[in-house]
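K.L.:
No letters, just coordinates:
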């Protein structure tokens, strides 16, 4: 008994860490309606600043802490509010989620650019003693806490108490809550909603900074991934508090920490359970809470009561496409694909061919996001997991059954589809952000429980996947494999295309428009969505198997880490979630953009080398641009791209296509005044076959993830 | 009325939200081909009753029988396939689709949905027959000129007609109409009434009509139910009910 109690006490500080992050998240959600997945990235910023000034510049503790927590934290919040979230207040929760995903991708890379990419080992603590065990309390007892633990507990208690007072007994707290409900209503009451929103962002960002600096010493070195993983673990506490109650969140965090400590002490250390379950516990708990915790599922997104007085939203630009635009983009896509194929076959050297092939294969995986997000209107954050399932299955089937590799890839796709369908059944009861979180929890459960297992991933040595031989063609040759990849991409693209224009696609469109109305004409939401989930998982599995085959091994960390899944979603949604073309482009872009940037960033260096007589100032400026920045800058671009989602849910490719078309049309119009104005986006040309527009499936509608809502109120 | 079995028998439906009673033992019957009105002040529970009957809400107590079988526990889409259709007070159209597509989806869904395999081999485009059925419906409702327009560009009145058409495409035995005239002007309301009469004469669909517009109810409904604060306070032939002083007090209020 005493032993359990001892373990439990040891779990409290960890629990407070969870609680601190979770409370910060709840605060952001309560005061801005944003489920801020970038919270961990904000914490990381302050942690890095603290590290830099304390360790590199050897500032004293107090000014360093003040700068990192009290200055940088709120400043970042101010910036985020001014530049981004202020303009998103009336957007849907999914637009906000995508924006925070973009920040999650971009912020750590910005930090790396600003402070260098060398690893930051042994983050400095926020307390005075050098080693935490120099100061113990209560000394000599079994339940002893060290300085770090005491600091964490104290900080958590102070924060929770402070927030309690703020929300319960200050006018500011009341206003903060009111602004989330309805900024306009608040403004009608004479309160400056913008200022209130700004204060809440500064406050929550301050909390992020505080937790970042407090948490940093837990890790051997500072890494944004650790921060994010810890944040997702803390989500369990957030869910426990039903995204609204701060005391419950605190309790949830502490319970989680305690449970984890007890499990760690009690489970046998050599079992699968201990090795897999312990790190996975927060994600298992999160998953279970999302599914079964009463009150969470019915917790609706904050809906503005004044939303009803808004004029109806203008027709989504992409929902109306002229035949001209459709045919034009299709012809363009075919031409570009043909040129790409020829380039791949005849021109590209092995390095670029490798990149393009990777991009083409990733395009297959990206298509899975087109299905789930573009057609199904759901955000899934576990597409990389489905790809990994496809890859592992392929490897295992080839290895143990001696099956032909190409067949094995399809077996992998089928297994992934089955897992997707099974996952969909419980998860589909959730909506919007909660669905996204459940898939994220699933991805992390898979990563921490399944991936380390020998029979899944081969443990430390990745499973080998040989290249297939089809008849006389040996696909060990990269050019031949490129053609195979392109053919499978075409197959997957065609499948997505026909399903989108087929009954399933129509039903999903209807469900996105209004779930209740769709059901009222006899459409089964569950059935349609399970199909979407399953198809999406299957396509991701296909891509995963193909990727493993191309690289020669199913390497989880290199190819299918859950974080890639997030980046991919960000990319596809930015480019245009509803179009096959955008999926392909984002797949290629993921691999090619960093390379292009690297070539670009090499130019100044070469220029400096070639021109030794440059003025020192110019040389210094040029020298700051280094080719190794390319990947970081690419991720920053990807992340910032997502910030356009709220404004252009149909995707930037569609927007750019239209803008280009309008320009061309304008030019044509000027040269030939006598011609009638060509059809613009607003109307269908009258000469169109009346039956055809009904199947104008290429219309890339945005995927407004919403339920119900009047089309024409 | 009792010798023929009613198409819809809702018995003693009770629904509470967090302890507040929205419906208290409400019993409603609709016979084949009949147009029944359901009136009551705002907040009386009319839409809640519709939601309970169509399967969106699960009543706390009571039994709903339709066409001889119990509907208890069936989800919305299963009830729809049995022949229950509805329209919405705040209209719910499928955004991003044109008018004909709304009807085509309903036409397809009537049969219980498509097969994924047919989709995958590209065999699920609308057939000439389906398109023709939709066009006939558009014609009946006077929507032919709007067939290819995106629904976002329609006026509220046209939108309500599209909703009606979409519901009718499922060939319902019973249609719930939730305030079809709300938000329409006098003329549009009158036209809506005419369309409803035409529809009912053509297809003999039974209709349960929630409506605030008394002239419209008078014109269309043979019988009336009156809900007030979750209780059924009157029912019977339209004329009698409207003359009932209790109804006038509860619903029509002063000055009507």
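P.N.:
Yep, it's here. Treat the numbers as computed from the prediction; the structure is a model and nothing was measured.
K.L.:
Please count neighbours and contacts with C-alpha atoms only from this point.
P.N.:
OK.
K.L.:
what about the helices in the stretch 101-250 of chain B?
P.N.:
In the stretch 101-250 of chain B, the helices defined using DSSP state H, counting those that start in this stretch lie at B:116-120, B:128-141, B:156-169, B:186-203, B:214-220, B:238-243, B:245-247.
K.L.:
List the residue ranges of the stretch 151-256 of chain B that fall below the pLDDT cut-off.
P.N.:
B:251-256 (pLDDT under 70).
K.L.:
can you tell me which of the helices of the stretch 101-250 of chain B comes nearest to chain A?
P.N.:
Among those, the nearest to chain A by C-alpha to the nearest C-alpha is helix B:116-120 (5.0 Å).
K.L.:
can you tell if that closest one touches chain A?
P.N.:
Yes: Helix B:116-120 is in contact with chain A by C-alpha under 8 Å from any C-alpha of the partner chain, via B:116, B:119-120.
K.L.:
next one: phi and psi at residue A:162?
P.N.:
Main-chain torsions, residue A:162, degrees, to the nearest 10: phi -60, psi -40.
K.L.:
how about the helix or strand where residue A:207 lies: buried residues?
P.N.:
Assigned by DSSP states H and E, residue A:207 belongs to helix A:193-215. For helix A:193-215, burial by neighbour count (16 or more other C-alpha atoms under 10 Å in any protein chain shown) applies to A:193-194, A:196-215.
K.L.:
just stretch A:391-402 next, same as before
P.N.:
Those would be A:391-399, for stretch A:391-402 by 16+ other C-alpha under 10 Å.
K.L.:
how about the strands in chain A?
P.N.:
Using DSSP state E, the strands found in chain A span residues A:120-121, A:136-137, A:145-146, A:221-222, A:463-464, A:469-470, A:473-474, A:553-554.
K.L.:
among these, which gets the worst mean confidence?
P.N.:
Of all the strands of chain A, strand A:136-137 carries the lowest average pLDDT, namely a mean of 64.
K.L.:
What residues does residue A:600 make contact with?
P.N.:
Counting by C-alpha atoms under 8 Å, 6 or more residues apart in numbering or on different chains, residue A:600 makes contact with residue A:627.
K.L.:
Using neighbour counts, pick out the buried residues of stretch A:23-32.
P.N.:
A:23-32.
K.L.:
what's the closest of those to chain B?
P.N.:
Nearest to chain B among those: residue A:30, at 23.2 Å, using C-alpha to the nearest C-alpha.
K.L.:
that older thread, can I get the buried residues of stretch A:23-32 in CSV including pLDDT?
P.N.:
Output for the buried residues of stretch A:23-32, formatted as CSV (pLDDT from 0 to 100):
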residue, pLDDT
A:23, 89
A:24, 87
A:25, 89
A:26, 87
A:27, 85
A:28, 83
A:29, 84
A:30, 78
A:31, 77
A:32, 77
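K.L.:
which SS class is residue B:15?
P.N.:
With DSSP: H, G, I helix; E, B strand; the rest coil as the basis, residue B:15 sits in strand.
K.L.:
Quick check: residue A:116 vs chain B, distance?
P.N.:
Residue A:116 sits at a distance of 47 Å from chain B (criterion: C-alpha to the nearest C-alpha, to the nearest Å).
K.L.:
Any stretches of chain A with poor pLDDT?
P.N.:
Checking chain A against pLDDT under 70 turns up A:1, A:90, A:128-143, A:267-277, A:295-321, A:672-713.
K.L.:
Give me whichever of the helices of the stretch 101-250 of chain B is most buried.
P.N.:
helix B:156-169 (a mean of 24; mean count of other C-alpha atoms under 10 Å in any protein chain shown).
K.L.:
Tell me how far that helix lies from the chain's centre.
P.N.:
Here helix B:156-169 is found 11 Å from its chain centre; the criterion is C-alpha atoms, centre = their mean, to the nearest Å.
K.L.:
can you give me the angle it makes with helix B:186-203?
P.N.:
For helix B:156-169 against helix B:186-203, the angle by axes from the mean of the first three to the mean of the last three C-alpha atoms, to 10 degrees is 10 degrees.
K.L.:
Which elements pack onto helix B:156-169?
P.N.:
On a contact count with 3 or more C-alpha pairs under 8 Å, 6 or more residues apart in numbering or on different chains; DSSP states H and E, helix B:156-169 meets strand B:84-86, helix B:99-110, helix B:128-141.
K.L.:
in the stretch 151-256 of chain B, what residue is nearest chain A?
P.N.:
residue B:152 (5.5 Å).
K.L.:
correct me, but that residue touches residue B:96?
P.N.:
Yes: with contact defined as C-alpha atoms under 8 Å, residue B:152 reaches residue B:96; the gap is 7.5 Å.
K.L.:
okay, the two: which has more neighbours?
P.N.:
residue B:96 (28 against 25; other C-alpha atoms under 10 Å in any protein chain shown).
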